[in-house]
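> Compute the structure for the input listed below.
(one chain, ligands or ions: 4)
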Amino acid sequence: MSTASRPLLIRGGTVVNADREERADVLIVDGRIAAVGEAAVAQAPSGAETLDASGQYVMPGGIDPHTHMQLPFMGTVTADDFFTGTAAALAGGTTSIIDFVIPDPKEPLMDAYRKWRSWAEKAASDYSFHVAVTWWSDQVREDMGTLVREEGVNSFKHFMAYKNAIMCDDETLVNSFRRALELGAMPTVHAENGELVYLLQQEVARMGITGPEGHPLSRPPMVEAEAANRAIAIADVLGVPIYVVHVSCIEAADAIARARARGQRVYGEVLAGHLTIDDSVYRHPDYATAAAYVMSPPFRPKEHQEALWRGLQAGHLHTTATDHCTFCAAQKAAGKDNFAKTPNGTGGVEERMAVVWDAGVNTGRLTPSEFVAVTSANTAKLFNVYPRKGFVGVGADADIVLWDPKATKTMSVKTQHSKGDFNIFEGRQVTGIPSHTISRGKVVYANGDLRAEKNAGQYFKRPAFGPNFQAVQKRAQDLAPAAVERKG
Ligand code: URP
Ligand code: ZN
Ligand code: ZN
Ligand code: ZN
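Ligands and ions are numbered 1, 2, ... in the order given. Okay, here's the model as predicted:
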């Protein structure tokens, strides 16, 4: 449990929010931001601790909207649990995660939800949950209502891949999207056509390809684009906003851009890994190295990276995430003779902020404010916790990262805090890293010293009917067809 900490005064830094940068001091009292600007010093109690932020940016702590801590998946469980995974997040400047409750088909949503809530109690950072709809029944429909109204869940996830496991068919997609609209909750999709993946996995195996190089061959960009287009079309017909997770390719990004150009409320997430890593990793001569990169959708040829960056710049992709889902070499080895059996997933929760800063801000693709938008504020807005999270301003949770734009670091498994035994960014040198991370007013990371505490993280509820839903409701009323009244 978080204990009340001393008031904290952050002096001399540049506060960066999604809409502006300004030189300002920040006062934190009781885990919240109490004052910004001249009032911060004026109101600081005499016992306040002071942090010198000169030469640094003072930004909202990162929100990673896509992680899987302690996930049972493909016959094994991820290496990072909710404590080690969120501790790694804090070391990298991320103060909140939105993880996933993933019920087995036929498992009641509420049972799965309670199970995940109990697993997550050990979290060191704040956390929330999207809940996956993996099957359909009247009970699922009812549980979605309970989750939204009583548990603060305002988003539901749909896996269009992973046939014979957690894949949703179109009937479930349609039922669940319609129900989500009724409840004011955002449907989200993992967009890959699971039938095509299943077929291609067998065809690739018949070509004698059993290693990790078979993974991207079984999941080409069009497999992702088909599912993205289908989910977007279903959402359009039903009039519900939609959020596409881990957009990895030009074709899926284009599907989102086209829909947005038609006025549809479609949102896209992109992973730090997809922005910076290409598919050559699957042809690495060392099996364990190649297998370590097996995740879905796969890393893509280089030209896709530039399109994803342009999506963030143009505003048709909105959030950055990691899909942090770590499996060790021994676990990955389940796919030694058949790439399709490799547990899918890679890490990155600690690295995301610095990778996006270095490859985004240092190259001029993003301004510091745009960086804040895509690393926290946009997620907070889409999932309706803004400005409590994703904002440095009075009344917000004091989730803050002090960012040193001159400090450098080389990413490595040797220095990472994640319990995974691999770092997909190994050897990448970045400029711009957190010096301090503050989670609800407590300094939890200071210049290499990680002070993550078990159970210090709090579950945050996310209210339904965010601004998007108010807009789609008005739009539906405005465009509602009417019957023709005829005489006789
Ligand atoms: O390969 C991945 N991404 N593993 C985690 C589950 C998912 O699809 O997001
Ligand atoms: Zn507490
Ligand atoms: Zn996924
Ligand atoms: Zn995922």
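> Could you list the contact residues of the stretch 1-150 of the chain toward ligand 1?
With the criterion set to CB under 6 Å from any ligand atom, the stretch 1-150 of the chain comes near ligand 1 through residue 68. Every C-beta, even on glycine, is put in place using the N, C-alpha and C of the backbone.
> Try it again at 8 Å.
66, 68, 71, 73, 100 (CB under 8 Å from any ligand atom).
> tell me the two of the residues you listed that are most distant?
Of all pairs drawn from those, the one with the longest distance (CB to CB) is 66 and 73, at 14.1 Å.
> the more surrounded of these two?
The neighbour comparison of residue 66 against residue 73 (other CB atoms under 10 Å) goes to residue 66, with 25 against 18.
> Quick one: name whatever helix or strand follows the strand or helix carrying that one.
Assessed by DSSP states H and E, residue 66 sits inside strand 62-67. Per DSSP H and E, the first helix or strand lying C-terminal to strand 62-67 is strand 72-73.
> just checking, what packs against that next one?
Helices and strands touching strand 72-73, by 3 or more CB pairs under 8 Å, 6 or more residues apart in numbering; DSSP states H and E: there are none.
> from now on call the first residue 51
Yep, numbering from 51; the last one is strand 122-123 now.
> Strand partners (parallel or antiparallel) of that strand?
The pairing partners recorded for strand 122-123 under DSSP bridges are strand 126-127 (antiparallel).
> Can you give the contact residues for the partner strand?
120-121, 377, 381, 384, 393 (CB atoms under 8 Å, 6 or more residues apart in numbering).
> ok, now stretch 407-417?
Contact with stretch 407-417 is made by 325-326, 359, 362-363, 406, 418, 420-421, 424, 453, 455, 478, 480-483, as judged by CB under 8 Å, 6+ apart.
> hey, where'd the helices end up in the stretch 201-350 of the chain?
220-233, 244-256, 264-267, 271-288, 300-311, 322-326, 337-342 (DSSP state H, counting those that start in this stretch).
> restrict the contacts of strand 126-127 to those near ligand 2?
Subset of the contacts of strand 126-127 in contact with ligand 2: empty, counting by CB under 5 Å from the ion.
> so which two of those residues are the farthest from each other?
Spanning the widest gap among the contacts of strand 126-127 are 120 and 384, at 18.2 Å by CB to CB.
> Neighbour count: those two, which is higher?
More neighbours surround residue 120 than the other of residue 120 and residue 384, with 19 against 16 (other CB under 10 Å).
> on that earlier part again, turn the helices of the stretch 201-350 of the chain into JSON lines, including mean pLDDT and distance to ligand 1.
Formatted as JSON lines, the helices of the stretch 201-350 of the chain follow (pLDDT from 0 to 100; distance: least, CB to the nearest ligand atom, whole Å):
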{"stretch": "helix 220-233", "mean pLDDT": "98", "distance to ligand 1": "16"}
{"stretch": "helix 244-256", "mean pLDDT": "98", "distance to ligand 1": "11"}
{"stretch": "helix 264-267", "mean pLDDT": "98", "distance to ligand 1": "10"}
{"stretch": "helix 271-288", "mean pLDDT": "98", "distance to ligand 1": "12"}
{"stretch": "helix 300-311", "mean pLDDT": "98", "distance to ligand 1": "14"}
{"stretch": "helix 322-326", "mean pLDDT": "99", "distance to ligand 1": "10"}
{"stretch": "helix 337-342", "mean pLDDT": "98", "distance to ligand 1": "12"}
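> need those in a markdown table with mean neighbour count, can you?
Formatted as a markdown table, those follow (neighbours: other CB atoms under 10 Å):
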| stretch | mean neighbour count |
| --- | --- |
| helix 220-233 | 19 |
| helix 244-256 | 16 |
| helix 264-267 | 23 |
| helix 271-288 | 21 |
| helix 300-311 | 21 |
| helix 322-326 | 24 |
| helix 337-342 | 20 |
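> Now those helices in TSV, please, with extra columns for distance to residue 410.
As requested, the helices of the stretch 201-350 of the chain are arranged in TSV below (distance: least, CB to CB, whole Å):
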stretch	distance to residue 410
helix 220-233	31
helix 244-256	30
helix 264-267	25
helix 271-288	23
helix 300-311	16
helix 322-326	8
helix 337-342	24
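> Residue 439: what's it in contact with?
Applying CB under 8 Å, 6+ apart, one finds that residue 439 lies in contact with 110, 113, 146, 176, 426, 430, 446-447, 449, 510.
> What sits closest to it if chain neighbours are left out?
Leaving aside its sequence neighbours, residue 439 sits nearest to residue 430 (CB to CB, 6 or more residues apart in numbering; 4.5 Å).
> With residue 470 instead?
The spatially closest residue to residue 470, leaving aside those adjacent along the chain, is residue 376, at 3.3 Å (CB to CB, 6+ apart).
> can I assume the one you found is in contact with residue 130?
Yes. Counting by CB atoms under 8 Å, residue 376 does reach residue 130; the two are 5.0 Å apart.
> In this protein, which residue sits furthest out from the middle?
Farthest-out residue of the chain from its mean C-alpha position, per CA atoms, centre = their mean: residue 538, at 58.5 Å.
> ok, now how distant is that one from residue 532?
19 Å (CB to CB, to the nearest Å).
> go on, residue 196?
With distances taken as CB to CB, residue 196 is found 35 Å from residue 532.
> okay, the two: which has more neighbours?
Comparing residue 196 with residue 532 by other CB under 10 Å, the one with more neighbours is residue 196, at 13 against 5.
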